[in-house]
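K.L.:
pasting the sequence and the predicted coordinates here, then a few questions.
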Amino acid sequence: MSETALTRKQTLFYLSFLILMWGINWPLSKYALEFTPPLLFAGLRTLIGGALLIVVALPRWRKLRLRETWPYYLFSAFLSIVFYYGFQTVGLQYMPAGLFSAIVFLQPVLLGLFAWMWLGERMYARKMIGLLLGFAGVAVMSVGGLEGGISLIGILLALASALSWALGTVYIKRQAAKVDSLWMTAMQILIGGTVMTAYGSAVEDWSKIRWTGAFIYDTLFISIFVIALGWLVYFKLIGSGEATKVGSFTFLIPVVSIICSVLFLNERLTLNLLAGMALIVASILLVNMRQRRLPG
């Protein structure tokens, strides 16, 4: 799964795409839950995304090497897909999306720590301050969500979602040389979607899904652009660069989510939003600034 280094233009393009797609995912997912039980929705959208990636990966079928690599696919599927999307989709029912996303975006801070512990990435005071500033920025933007009430179950599910995402990212980075990047992404999403759909079918009722045009278009958009292409781009960025730095840019995802809510859902542009954006920009600058070496 070794990746060739991306140029600055390619990195900027991929980051922009990822931030935009994963940013609009939050309001789109919240909207879809009006039409469907949460676990079936989490499974369905992921299963479609995984199936699409399998079709794309088929010309490289020789690189699948399923007998040797299936444990990597299975473990990463549970960490990055089943637990992450499962906790997230169920948790969105218990808390406002803004507050929930603020807790989930503790992930870049956790990722920075885990990358330092297990990937050998450098950790220094400025980088840690930057990561904490980013989390603070997301929290400040989402303070308004407190008005919608706090749920202990929702908080625990958001924390579990952040932890599984961070662990999944580090695990995939550690196994990079052992698996093909496209097959790793396709298989973990397909396995994750299959597990969530099966579990959802056991505990939820398919007849409760309202198959409106809006729900179908919403689900297909998320499946193609957020799940299939989004994860492909995310792991491409992680594979070609420093996990902590890529993680720091994901702090911008809730910014996009809230801006979309302001533009299309008539939510107000508040002082909290502007202050949070300023903290996030400072965070990304601190994490990505080159560390000067002292003359020896």
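P.N.:
Received, thanks.

K.L.:
in the chain, which helix is the longest?
P.N.:
helix 8-32 (DSSP state H).

K.L.:
ok, and the closest non-adjacent residue to Leu53?
P.N.:
Ala186 (3.6 Å; Cβ to Cβ, 6 or more residues apart in numbering). C-betas here are computed from N, CA, C, even on glycine.

K.L.:
residues in contact with that neighbour?
P.N.:
By Cβ atoms under 8 Å, 6 or more residues apart in numbering, the contact list for Ala186 reads 50, 53-54, 56-57.

K.L.:
from those residues, list the buried ones, please.
P.N.:
The neighbour count (16 or more other Cβ atoms under 10 Å) marks 50, 53-54, 57 as buried among these.

K.L.:
reformat those residues as a markdown table; add distance to Thr194.
P.N.:
Shown next, in a markdown table, are those (distance: Cβ to Cβ, whole Å):
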| residue | distance to Thr194 |
| --- | --- |
| Gly50 | 8 |
| Leu53 | 13 |
| Ile54 | 11 |
| Ala57 | 16 |
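
K.L.:
list of residues touching stretch 191-201?
P.N.:
37, 39-51, 73-74, 77-78, 80-82, 85-86.

K.L.:
6 Å instead, please
P.N.:
The contact list for stretch 191-201 (Cβ atoms under 6 Å, 6 or more residues apart in numbering) reads 39-40, 42-43, 46-47, 50, 77, 81-82, 86.

K.L.:
sorry, back to before: among the contacts of Ala186, which lie within helices?
P.N.:
Using DSSP H, the contacts of Ala186 in helices are 50, 53-54, 56-57.

K.L.:
thought Leu252 was touching Leu20?
P.N.:
No. Leu252 lies out of contact with Leu20 (Cβ atoms under 6 Å); the separation is 9.3 Å.

K.L.:
can you count the residues close to Val256?
P.N.:
Val256: 18 surrounding residues under other Cβ atoms under 10 Å.

K.L.:
which residues sit in contact with it?
P.N.:
Here Val256 is in contact with 19-20, 23 (criterion: Cβ under 6 Å, 6+ apart).

K.L.:
mind doing that once more with 7 Å?
P.N.:
Neighbouring residues of Val256 by Cβ atoms under 7 Å, 6 or more residues apart in numbering: 19-20, 23-24.

K.L.:
out of these, which are buried?
P.N.:
Those of these that meet the buried threshold are 19-20, 23-24, by 16+ other Cβ under 10 Å.

K.L.:
most widely separated two among these?
P.N.:
Within the buried ones among the contacts of Val256, Ile19 and Ile24 form the most distant pair, 9.8 Å apart (Cβ to Cβ).

K.L.:
CA atoms only: put the helix or strand hosting Thr197 into PDB for me.
P.N.:
Assigned by DSSP states H and E, Thr197 falls within helix 181-203. Taking Å, rounded to 0.1, in the frame of the first residue of the first chain, the C-alpha atoms of helix 181-203 are listed here in PDB:
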ATOM      1  CA  SER A 181      -4.400   0.700  -1.100                       C
ATOM      2  CA  LEU A 182      -7.500   0.400  -3.400                       C
ATOM      3  CA  TRP A 183      -8.300  -3.100  -2.300                       C
ATOM      4  CA  MET A 184      -7.900  -2.100   1.400                       C
ATOM      5  CA  THR A 185     -10.300   0.700   1.000                       C
ATOM      6  CA  ALA A 186     -12.800  -1.300  -1.100                       C
ATOM      7  CA  MET A 187     -12.800  -4.400   1.100                       C
ATOM      8  CA  GLN A 188     -13.000  -2.600   4.500                       C
ATOM      9  CA  ILE A 189     -16.000  -0.600   3.200                       C
ATOM     10  CA  LEU A 190     -17.700  -3.600   1.700                       C
ATOM     11  CA  ILE A 191     -17.200  -5.700   4.800                       C
ATOM     12  CA  GLY A 192     -18.300  -2.900   7.100                       C
ATOM     13  CA  GLY A 193     -21.400  -2.200   5.000                       C
ATOM     14  CA  THR A 194     -22.300  -5.900   5.000                       C
ATOM     15  CA  VAL A 195     -21.900  -6.200   8.800                       C
ATOM     16  CA  MET A 196     -23.900  -3.100   9.500                       C
ATOM     17  CA  THR A 197     -26.700  -4.000   7.000                       C
ATOM     18  CA  ALA A 198     -26.900  -7.500   8.500                       C
ATOM     19  CA  TYR A 199     -27.100  -6.200  12.100                       C
ATOM     20  CA  GLY A 200     -29.500  -3.500  11.100                       C
ATOM     21  CA  SER A 201     -31.800  -6.100   9.400                       C
ATOM     22  CA  ALA A 202     -31.800  -8.100  12.600                       C
ATOM     23  CA  VAL A 203     -32.700  -5.200  15.000                       C
END
